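In: just coords:
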């Protein structure tokens, strides 16, 4: 029987089960997306109806205005489709030392959205772009027909604007099935060589992220009776050397309603941060977390972050 993830951390060091201090505020603008990727933990789609409103964004901006030095990590769904996306970008200018936009790339080629690459460049956004493989067949199988070609077109335009050179452009790999990512350095070398030789594309770093058994990926595992096998794989590959660096120790995720979570995966699983009375905390409560020390909400899917070389929103932990 697989031991609870929390117990594995407690055996190593009880501090690994506690929040260390806020470094990154990850803001999920909702589950509206122009794609319906098979691995999406948020089950985002063109029918997504959870869309962050301006009133929640205003509360996030007010928090950043009073707390300097926190990285702003913007995600979705497809965050660029939120009707108040540009409002958040403009109002957060100068409030964070580093603003990351997690983009599926294809949105930059949609009719009426061609302004996005130039806008991101003018606003100084770091782009973290999903590209689960450098081969067309694998990308389209996971994300839909035509996604690879649209992604390449967007990357070429970003390169033309200086991304990959003077402005930061990072790519994200995730496996195409129920297995762990390969070594990040080796995959990055392969991506760099293939994309440069075939398309003349440049980028800064490749992040490898383990598929978390939540959302559509969990549904697929259950349909093929592979869920327990995958969960066991993650537990068997538990790497104690990654435990102290799990991202939930320095990151808090905010959902479309302003509720707080220890990560975007907990958000997708419906596991919010609760107060002592069992009431979900909101962005107004976030200042209480700044000193650190609070217990983390940990579950079995957290084995995804410590398997192999570890996994986080910025790649491996080793």
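Out: The structure has been received and is ready for your questions. Bear in mind the structure is a predicted one, so any value in this text is a computation, not a measurement.

In: who's residue 274 bridged to?
Out: Beta bridges link residue 274 to residue 280 when assigned by DSSP bridges.

In: show me where the chain has helices.
Out: Listed in chain order, the helices of the chain (DSSP state H) span 5-12, 54-66, 85-92, 116-123, 136-143, 147-160, 184-199, 215-223, 227-236, 264-269.

In: so which of those is the most surrounded?
Out: Among those, helix 264-269 has the highest mean neighbour count (mean count of other CB atoms under 10 Å), at a mean of 23. C-betas here are computed from N, CA, C, even on glycine.

In: which helices and strands sit right next to that helix?
Out: strand 24-28, strand 251-254 (3 or more CB pairs under 8 Å, 6 or more residues apart in numbering; DSSP states H and E).

In: now residue 173. Nearest residue, chain neighbours left out?
Out: residue 208 (4.9 Å; CB to CB, 6 or more residues apart in numbering).

In: give me the neighbour count for the one you found.
Out: Using other CB atoms under 10 Å, residue 208 has 25 other residues around it.

In: which residues are in contact with it?
Out: Listed by CB atoms under 8 Å, 6 or more residues apart in numbering, the contact set of residue 208 reads 172-174, 181-182, 184, 187, 309, 311, 315-316.

In: using CSV, lay out those together with distance to residue 134 and pLDDT.
Out: CSV is the format used below for those (distance: CB to CB, whole Å; pLDDT from 0 to 100):
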residue, distance to residue 134, pLDDT
172, 12, 98
173, 9, 97
174, 13, 95
181, 14, 96
182, 13, 94
184, 14, 97
187, 9, 97
309, 20, 96
311, 20, 96
315, 16, 96
316, 18, 96
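
In: save those residues as CSV, and put in distance to residue 88 too.
Out: Listed next are these as CSV, based on distance: CB to CB, whole Å:
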residue, distance to residue 88
172, 21
173, 27
174, 26
181, 31
182, 35
184, 30
187, 32
309, 33
311, 27
315, 25
316, 29
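
In: quick check: the farthest pair among those?
Out: The distance between the two most remote of the contacts of residue 208 (CB to CB) is 15.1 Å, for 172 and 309.

In: isn't residue 175 up against residue 211?
Out: Yes - in this structure residue 175 lies within contact range of residue 211 using CB atoms under 8 Å: 5.6 Å.

In: pick out whichever of the two has more residues nearby.
Out: In this view residue 175 and residue 211 are compared by other CB under 10 Å, and residue 211 has more residues nearby, 26 against 19.

In: what about the closest residue to residue 144 other than its chain neighbours, neighbour count?
Out: Sequence neighbours aside, residue 35 is the residue nearest to residue 144 in space, at 5.8 Å (criterion: CB to CB, 6+ apart). A count of nearby residues for residue 35, using other CB under 10 Å, gives 21.

In: gap between residue 35 and residue 15?
Out: 39 Å (CB to CB, to the nearest Å).

In: tell me how far the least confident helix or strand in the chain by mean pLDDT is from the chain's mean position?
Out: Lowest on mean pLDDT, DSSP states H and E among the helices and strands of the chain sits helix 136-143, with a mean of 92. In terms of CA atoms, centre = their mean, to the nearest Å, the gap separating the centre of helix 136-143 from the centre of its chain is 19 Å.

In: and that helix, what does it pack against?
Out: Against helix 136-143 (3+ CB pairs under 8 Å, 6+ apart) you get helix 147-160.

In: could you pull up the mean pLDDT of the helix it packs on?
Out: When pLDDT is averaged over helix 147-160, the result is 98.

In: who touches the closest residue to residue 65 other than its chain neighbours in this structure?
Out: Distance criterion CB to CB, 6+ apart; nearest residue to residue 65, sequence neighbours excluded, is residue 95 at 5.8 Å. Neighbouring residues of residue 95 by CB under 8 Å, 6+ apart: 61, 64-65, 68, 72.

In: in the residues you listed, find the pair that's most separated.
Out: For those, with distances taken as CB to CB, the pair at the greatest spread is 61 and 68 (13.4 Å).

In: show me the shaky parts of the protein.
Out: For the chain, no stretch is flagged by pLDDT under 70.

In: okay, the helices and strands packed on helix 264-269 in CSV with mean neighbour count and distance to residue 55 next?
Out: Output for the helices and strands packed on helix 264-269, formatted as CSV (neighbours: other CB atoms under 10 Å; distance: least, CB to CB, whole Å):
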stretch, mean neighbour count, distance to residue 55
strand 24-28, 23, 14
strand 251-254, 24, 13
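
In: can I get those strands in CSV with distance to residue 49?
Out: Below are those laid out as CSV (distance: least, CB to CB, whole Å):
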stretch, distance to residue 49
strand 24-28, 14
strand 251-254, 18
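
In: out of the ones you listed, nearest to residue 276?
Out: strand 251-254 (17.9 Å).

In: list the helices and strands that closest one packs on?
Out: Strand 251-254 sits against strand 24-28, strand 260-261, helix 264-269, with contacts defined as 3+ CB pairs under 8 Å, 6+ apart.
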